[in-house]
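Q: here are the coordinates; sequence isn't available:
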């Protein structure tokens, strides 16, 4: 990274933060990097390519964001990058790019020192450079593997037939011990896609009313409000949406006192699918086949 200065790194990070400020829910890492590259003039060095075919610019930014994550400024979760309140505060309080990046590195070194009882008291910019590079490379490899896996899952679900996805949700409920008494056929369903019960005969409450949305857009409060209107006080409502929900929608569901409303986005759905995978039928597994791959997690 000898061809890039701390000032330039700070400029890239601040521009990245500026982009993320406009996306309170965060952005997929690939989208954030592409927006950043489109918003600045890359140097010849940054625009260079590795033998692997990856762009040097991407690695520069990914390396720098490791400092921001450990500084508590940036969250990375299953391929999604978002700012924390601390990150927003740092962006506002440290307008100078070099000072901005130096503070991120200082906080990273503090974090690293706390992780190792054998750490020495040294200047934050003059020691352990090689160790930092190795640790950050490991962290980047881990996050890229996670991003790729999550991107493939999102793509698979996004290409599913809507009614096949509806069946997937019904399969999951069955694996969890519930009984789907009705699954909406193709056509208008009146807002409900699945009705399920805790017992085979449907004699025990609560009745579970399920709505399934495969669209990529987040469901807003009006969408959740329309669903809640279909749920009686003795029912439980389950809203499954691949695109997730806006904060207003989540707040509205949380404020319901007389109705049990649960919102499930794709992340939560996949977590449940993984948890109950052993109880899924072979046919159900074919709808979303997953397999765990284990490797050492990075220290950073």
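A: Arrived safely. These numbers were taken from a predicted model, which means no experiment stands behind them. Residues are numbered from 1 along each chain as shown.

Q: for burial, what's the neighbour tally of residue 57?
A: Residue 57: 21 surrounding residues under other Cβ atoms under 10 Å. Where you see a C-beta, it was placed from the backbone N, CA and C, and this is true even at glycine.

Q: tell me the pLDDT of it.
A: Looking at residue 57, its pLDDT stands at 96.

Q: so it, which of the three states?
A: helix (DSSP: H, G, I helix; E, B strand; the rest coil).

Q: report the contact partners of it.
A: Applying Cβ atoms under 8 Å, 6 or more residues apart in numbering, we find residue 57 in contact with 33, 37, 42, 46, 47.

Q: same question for residue 216.
A: 158, 242, 243.

Q: derive a PyMOL selection command for the buried subset of these.
A: Buried subset of the contacts of residue 216, written as a PyMOL selection, criterion 16 or more other Cβ atoms under 10 Å:
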select buried, resi 242
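
Q: past the host helix or strand of residue 113, which element shows up next along the chain?
A: Element membership of residue 113 [criterion: DSSP states H and E] is helix 97-115. Sequence order places helix 129-158 as the next helix or strand after helix 97-115, per DSSP H and E.

Q: can you list contacts of the helix or strand following that following helix?
A: Next along the chain after helix 129-158, taking DSSP H and E as the criterion, comes helix 162-175. Residues outside helix 162-175 that contact it (Cβ under 8 Å, 6+ apart): 157, 160, 179-180, 183-184, 186, 193-194, 196, 208, 210, 212, 214, 240, 242, 269, 272-273, 276-277, 279-281, 283-284, 287-288.

Q: rerun at 7 Å
A: Helix 162-175 is contacted from outside by 157, 180, 183-184, 186, 193-194, 196, 210, 212, 214, 240, 272-273, 276, 279-281, 284, 287-288, using Cβ atoms under 7 Å, 6 or more residues apart in numbering.

Q: roughly how far out does that helix sit from the chain middle?
A: Centre-to-centre, helix 162-175 and its host chain are 22 Å apart (Cα atoms, centre = their mean, to the nearest Å).

Q: could you give the angle of that helix to helix 129-158?
A: Computed by axes from the mean of the first three to the mean of the last three Cα atoms, to 10 degrees, the angle separating helix 162-175 from helix 129-158 equals 110 degrees.

Q: mind listing what's buried in helix 162-175?
A: For helix 162-175, by 16+ other Cβ under 10 Å, it's 163, 165, 166, 167, 168, 169, 170, 171, 172, 173, 174, 175.

Q: cool, stretch 259-270 as well?
A: 259, 261, 263, 264, 265, 266, 267, 269, 270.

Q: and the fourth one, what does it touch?
A: Read it as residue 264. Per Cβ under 7 Å, 6+ apart, neighbours of residue 264: 238, 239, 240.

Q: before we move on, the earlier item: just the closest of the contacts of residue 57 to residue 146, please.
A: Taking Cβ to Cβ as the measure, residue 146 sits nearest to residue 33 out of the contacts of residue 57, at 15.2 Å.

Q: ok, for that closest one, nearest residue in space, not its chain neighbours?
A: residue 58 (5.5 Å; Cβ to Cβ, 6 or more residues apart in numbering).
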